[in-house]
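*Asks:* Got a predicted structure plus its sequence, pasted below:
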Amino acid sequence: ADRAGSDGRKTLMAADFGVEQVVERSSLELPIAPIDRIARLHIDDRYRVAMDARIALADILEDYADNVASAAATLARHADRRTIQADDIETYFALFE
């Protein structure tokens, strides 16, 4: 929002989130409406979030979730389990964040 405000814009764009290339909306698994609500959590109500920014944020969140899930699955397999547990996710964050 700070970047958009300094440019005199009231709409946040994908570039404001550090995204240069936006993927196709059809390639996403996450729905866009909740992404918009997440994007607005810490910005002033006078700002809007452009569709390309919502799609970019959904892509970032999906990549992040994929990385966490993959690492948690590896930890579960290492413990000879097929089920991922909360401890696997907590261990991921303790080790890799």
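*Replies:* Yep, that arrived.

*Asks:* C-alpha from now on. contacts and neighbour counts both.
*Replies:* OK.

*Asks:* any idea how far Asp44 is from the residue lying closest to Ile43 once chain neighbours are set aside?
*Replies:* Once flanking residues are discounted, Ile43 sits nearest to Ala1: 6.4 Å by Cα to Cα, 6 or more residues apart in numbering. Separation of Ala1 from Asp44 (Cα to Cα, to the nearest Å): 8 Å.

*Asks:* and these two? which has more neighbours close in?
*Replies:* Ala1 (21 against 10; other Cα atoms under 10 Å).

*Asks:* Touching, that one and Ala15? I think so.
*Replies:* No. Contact between Ala1 and Ala15 fails when scored by Cα atoms under 8 Å: they sit 11.4 Å apart.

*Asks:* Arg25: neighbour count?
*Replies:* Quick note: Arg25 (other Cα under 10 Å) scores 17 neighbours.

*Asks:* still on that earlier bit, show me the contacts for the residue nearest to Ile43.
*Replies:* 12, 16, 43-44, 47 (Cα atoms under 8 Å, 6 or more residues apart in numbering).
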